[in-house]
Every structure is written in C-alpha cells, then in structure tokens.
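**Q** sequence and predicted structure are below.
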Amino acid sequence: MPVETVETKVMHARMTHPVQIIPDAMQALLALGASARKGGVPARTLAMIELRASQINGCSVCVDMHSRDLKKADDTDERIFAVAAWRDNPGFTGAERAALALAEALTRISDRADPVTDEIWADAARHYD
C-alpha cells in the first residue's frame, strides 16, 4: 500500500498586502502593535488573540504567522491547536479566556447588534485595565 507524504508548503497571501498598496498603512499597523504591547497584556496572550481573530477571518497566512509567534513564545502545540475551541478546553487561564472572548466579540462585531456584552466587557476588565 503506498504511503502518502505531506508536503510542507509555504503560505502565500491571495492578495497584495494593503501596506504595499498604501505604504503609510504600515506605520499605523506598527503603531497599533506597539501600543498593544505596551498595554500590559502578555505577549503570548496577544499572539493568541491575533491567532483567534485570524482563524475567524479565515486568513491562512495570518494563522500560520501567529501560530509560529505562539510557538516562539514557548506555548505548547496542544494549546496552539486548541485556540479555535478555547471555550471547551481547560488549558486556558481565566485572563486568556476573557481576552479571547473579547477578541471574538470584536472580530465578529457585525454579526450581532451588541457583540461586546456587558458580561464580556466586565470579565475582560477584571483581568486587564
């Protein structure tokens, strides 16, 4: 019986990155990232938020990049694989759960009239100022 092999492929974006079309956009993206890193949220949690938003948005390049960021931050494969199903996985802290819930609500802002409920906001506020 033949053995199938899995090829490792480099991820490529389907469209030109907006920064290449609008060069000033890169400065805004860098400023946003720097501001987020100064906010006191652990780098690993920020990468987890970025990964979850990328999963929701369906950006395979971003999913690949942020998964690698989590790996560099010494997160485990099990946790990286479980980000998409974080609600059902006991391996996430309360602070991570609050951050992921807020990230999901903000990423899906157009899905509901009030995507960031008072409950989601209050839980995030308990962990982050």
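**A** Good, I have the coordinates. Please read these numbers as outputs of a predicted model, since none were measured by experiment.

**Q** in this structure, what helix or strand scores lowest on average pLDDT?
**A** Least confident helix or strand of the chain, by mean pLDDT, DSSP states H and E, is helix 18-21 with a mean of 71.

**Q** what number of residues lie near Thr76?
**A** Using other C-beta atoms under 10 Å, Thr76 has 11 other residues around it. C-betas here are computed from N, CA, C, even on glycine.

**Q** same question for Val61.
**A** So Val61, with other C-beta under 10 Å, has 14 neighbours.

**Q** which strand or helix spans it?
**A** According to DSSP states H and E, Val61 maps onto helix 60-72.

**Q** by contact count, what packs against that helix?
**A** Identification of packing neighbours for helix 60-72 by 3 or more C-beta pairs under 8 Å, 6 or more residues apart in numbering; DSSP states H and E yields helix 43-57, helix 77-82.

**Q** out of the ones you listed, deepest packed?
**A** Stretch with highest mean neighbour count among the helices and strands packed on helix 60-72: helix 43-57 (a mean of 19; mean count of other C-beta atoms under 10 Å).

**Q** could I get the contacting residues of the residue positioned nearest the centre of the chain?
**A** Against the mean C-alpha coordinate of the chain, by C-alpha atoms, centre = their mean, the closest residue is Glu50 at 1.9 Å. Glu50 is in contact with 62, 66, 69, counting by C-beta atoms under 8 Å, 6 or more residues apart in numbering.

**Q** could you report the distance from the first one to Arg68?
**A** Spelled out, that is Cys62. Look at Cys62 and Arg68: by C-beta to C-beta, to the nearest Å, they are 11 Å apart.

**Q** fine by me, thanks again.
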